[in-house]
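Q: Just a sequence and a predicted model for now, questions to come.
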Amino acid sequence: MVRPTACSRSVVTALLACCLLCGGAVGAGEPPRFLIFHVDAVAAVDLDRLIADGRLPNVALAFEGGSAHEALSLFYAATPVIYPRMHDRAELSALGGIGFGGYDRETDRVVGDLVGFLSLVATVPRRAATSFLHGVPYLDGLAGLAMQNLPDLLERYRVVEFFWFSSDAMGHLYGAEAHAASLERFDAHLGRLLPRLDLDGLNLILYTDHGLTFTDHTVDVGAILEREVADDLIYYKYPNVYLREPSAAPALASRLTRSGDLDFAFYRVEGGAVEGYVYGAFVRIEVDGDGIRYLTEGRDPFGYDALGYAGESLTQDAWVALTIGERYPAAPPNVSQYLQNRDVGDLVVGLNPPRIPLGMLTHGGHSGLVDTDLVVKVLARGPQVEPLRDRGVAWLRDLYRDLPDIPFGYEPERELHAIELRYRLDDLAPSVRLSLSPAYRTRWTMDVAPTEWAVWSEHDVFASYLARWWFGVGVGGGAAEAAQPLARFALPFDVGDARLDAEAFVRPTGWAVRLGASFQLDASLRLIWEAPAGVGVGWAW
C-alpha cells in the first residue's frame, strides 16, 4: 500500500487545525422557525369549500387549533404585484410591480414578459427560484419531492417560504376541477411531510396570494384597443394601455366602458386623484391625507351607497372593514394605489367576471376588482403567529408587518463540517474526506487515499430546495505524479433522508466522474454508497 505523501499529510494537519478553530456548534441561539406556504391563485371561498368538503384533510389537520381569516389582496391581482410588496421588496413606483411587463417611458422601450418574470424570480428566496419550474403543469411532483426536505431546511435556515404555483397554472389551463386536483396533490404531499416535522415551537403559515375566477368567456382586449385607439397606441399589456397622446385617456375610457367593450377604465388626473368609468358610470377617487374618498355621478357601479357610504374619506383599513363580503371589496384604495405607480399606463383597463382577457389562458383569470379575484385566505398556527388570531380581515400586503419577529434572510454562519470514511469493497482500499466550512456557502475539502490526494476550496453557486451545485478549484496529486490543478463540480440531490451524489474532477491530464448515494441516519450520521463498489460512513457537525 502506498502511503500518503508528505504534502498530503501537511494539508490534513492544516485542515484539522482549522477544524478546531471553526468547530463552534451550528444552531446556538438560533431564532424561531417559520414554515410559510405560498399557495398561488386560490380564492378564500374556494379554499374554505375544499376544506369543508374534506378534500384537504392535511391542511385542516396542520392548522387545527390555529387561526384563519380572510385578507384582501392587491389589484392588479398578479404575483409580481403582490408578493414583492409583502416583503417591501418593490415600491409602488417600481416598474416590476405592475405586472409581467410594461413600457418604460424614460428609455422608450417595452419591458416584456420575460423581463417581468425574471424581476419576480429575483424577489423570492434564492433556493425557491426553481419553484416556478415546479409550477409547470405535470411537474408539480418535483415540488412534492422538495417539500420532503423542509424539516432539514427549517433547522438550517429557520424561515422557509415554500411556493405551490401549480394551482395557478392548472386553473388557468384546465379549469376548476383541475385547480382543485392540484390543491389535493399539495395536501397529499403535506400529509407525507407532517409526521416528519418537529411541530414543537414551529410557526406554520399558509396564505393564498390572489384568487382565480373560473370562466370561459374571454375577450380580446388587444383587438379592441387596436380598433379604438389605432395609431395612438404605443403598447398594451393588461391592464395597462400606453398612449402617444395621454390627454385622450378620459374620452377613450368613457367610450370603451359605455360601449360595453370593457368593464372599467381609469386614468390619473392632477392632485393625485384618479378618475374613470365603471360599467359606463363616471367615478372619481381622491387621496385625502391618509384617507381615500370615492365620488360618483349618478348610480354607484360598486353599490357602496347601499352600505350607507356617502362620499366620506376612509382609511384603507376602513374601506376593507366596510366592503369585505361585497362583490367589489375596497376597490377605491386598490385602484388608487395601483395608479400611484409612475409606470402604469395612461389608461388602466379591465374586465370583471364572467369576462376575462383572452391572454388568461381560457378557463380562468384574476383580472378584475371582484371578491373571487381579490379575497384570499390566511391560516396560521404557532407561538409567534398568535397575533394573527385577533387580526380580523386586513390587507394581505401587511401580513408580515404584523409579524415583525420573522427572521427573513437568516442564514447559518457556516456549512456543516463533515468527515467521511470510505472503503472500496474490491480491495478494501480506504479513503478519507474532510470538509471544513469557514463561512456559509463555502467549504475547504481534502480527499486522502492510498494512491492519491486532492484539496480544494468550493462555493455553492446554485441551490434549490432539492439540490445544490458546488464548484471548486484546488490541487491534487499522487505518489507517482506531481501536484496539478483541478476543478471540481458537485451536485447532491436530496429527497428527505436520501441523497444522490454526482461529482466530477477535471485535471489537465483528464477527468473523472463519481456517482453515489447516501442515507441520513440522524442529524449527524450518514451511510454512504459509492459506485460501483464502495461503502462508507459520514459524520457532520
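A: That came in fine, so what should we check first? On a predicted model such as this, the values are computed, not experimentally measured, just so you know. Numbers count the residues shown, from 1 in each chain.
Q: What's the local residue count around T79?
A: 24 (other Cβ atoms under 10 Å). Every residue, glycine included, has its C-beta placed from N, CA and C.
Q: hang on, it packs against H210?
A: Yes: under the contact definition of Cβ atoms under 8 Å, T79 touches H210, with a separation of 7.2 Å.
Q: Please enumerate the shared neighbours of those two.
A: Taking Cβ atoms under 8 Å, 6 or more residues apart in numbering as the contact criterion, the common neighbours of T79 and H210 are D40.
Q: Need the contact partners of stretch 380-399.
A: Residues from elsewhere that reach stretch 380-399, judged by Cβ under 8 Å, 6+ apart: 32, 34, 62-74, 82, 85-86, 201-207, 209, 316-317, 320-321, 324, 376, 378, 402-403, 405-406.
Q: swap in stretch 321-335?
A: By Cβ under 8 Å, 6+ apart, the list of residues contacting stretch 321-335 from outside reads 70, 72, 74-75, 266, 274, 276, 285, 292-294, 302-304, 307, 309, 314, 316, 319-320, 348, 369-371, 374-375, 393.
Q: out of the residues you listed, which are inside strands?
A: Counted as lying in strands by DSSP state E, out of these, are 70, 72, 266, 274, 276, 285, 292-294, 314, 348, 375.
Q: Quick check: the two most widely separated of the residues you listed?
A: In the ones in strands among the contacts of stretch 321-335, two members sit farther apart than any others by Cβ to Cβ. They are E70 and G276, at 26.6 Å.
Q: and these two? which has more neighbours close in?
A: G276 (25 against 22).
Q: Please identify which of the ones in strands among the contacts of stretch 321-335 is nearest to S166.
A: Ranked by distance to S166 (Cβ to Cβ), the ones in strands among the contacts of stretch 321-335 are led by V375 at 21.3 Å.
Q: Who is the closest one paired with across the strands?
A: With beta bridges defined as DSSP bridges, V375 has these partners: L72.
Q: My guess is it contacts E70. True?
A: Yes: proximity of V375 to E70 meets the contact threshold set by Cβ under 8 Å, at 5.6 Å.
Q: anything in contact with each of these two?
A: Shared contacts of V375 and E70, defined by Cβ under 8 Å, 6+ apart, are found at 44, 324.
Q: what's downstream of the helix or strand of the chain with the lowest mean pLDDT, the next helix or strand?
A: Sorting the helices and strands of the chain by mean pLDDT, DSSP states H and E puts helix 6-21 at the bottom, at a mean of 49. Proceeding C-terminally, helix 6-21 gives way to strand 34-39 as the next helix or strand, assigned by DSSP states H and E.
Q: which other helices and strands contact that next one?
A: Helices and strands touching strand 34-39, as assessed by 3 or more Cβ pairs under 8 Å, 6 or more residues apart in numbering; DSSP states H and E, comprise strand 159-164, strand 203-208.
Q: one more time with 10 Å
A: helix 57-62, helix 79-86, helix 150-157, strand 159-164, helix 166-174, helix 176-193, strand 203-208, strand 375-381 (3 or more Cβ pairs under 10 Å, 6 or more residues apart in numbering; DSSP states H and E).
Q: So in that sheet, which strands flank that strand, and in what orientation?
A: Strand 34-39 has these strand partners (DSSP bridges): strand 159-164 (parallel), strand 203-208 (parallel).
Q: how far does the last one sit from the chain's center?
A: To tie it back to what came earlier, the one meant is strand 203-208. What separates the centre of strand 203-208 from the centre of its chain is 13 Å, taken as Cα atoms, centre = their mean, to the nearest Å.
Q: So for it, mean pLDDT?
A: Throughout strand 203-208, pLDDT has a mean value of 98.
Q: again, but for the first one
A: Averaged over strand 159-164, pLDDT sits at 98.
Q: orientation of it relative to helix 176-193 in degrees?
A: 140 degrees (axes from the mean of the first three to the mean of the last three Cα atoms, to 10 degrees).
Q: so strand 159-164 versus helix 150-157, what angle?
A: Regarding strand 159-164 and helix 150-157, their directions subtend 140 degrees when assessed with the same axes, to 10 degrees.
Q: For strand 159-164, C-alpha coordinates in CSV please.
A: Extracted C-alpha coordinates of strand 159-164, given in CSV (Å, rounded to 0.1, in the frame of the first residue of the first chain):
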residue,chain,number,x,y,z
VAL,A,159,-37.5,30.5,7.8
VAL,A,160,-38.6,28.6,4.7
GLU,A,161,-41.0,30.0,2.1
PHE,A,162,-42.4,27.2,0.1
PHE,A,163,-44.3,28.1,-3.2
TRP,A,164,-47.0,26.0,-4.8
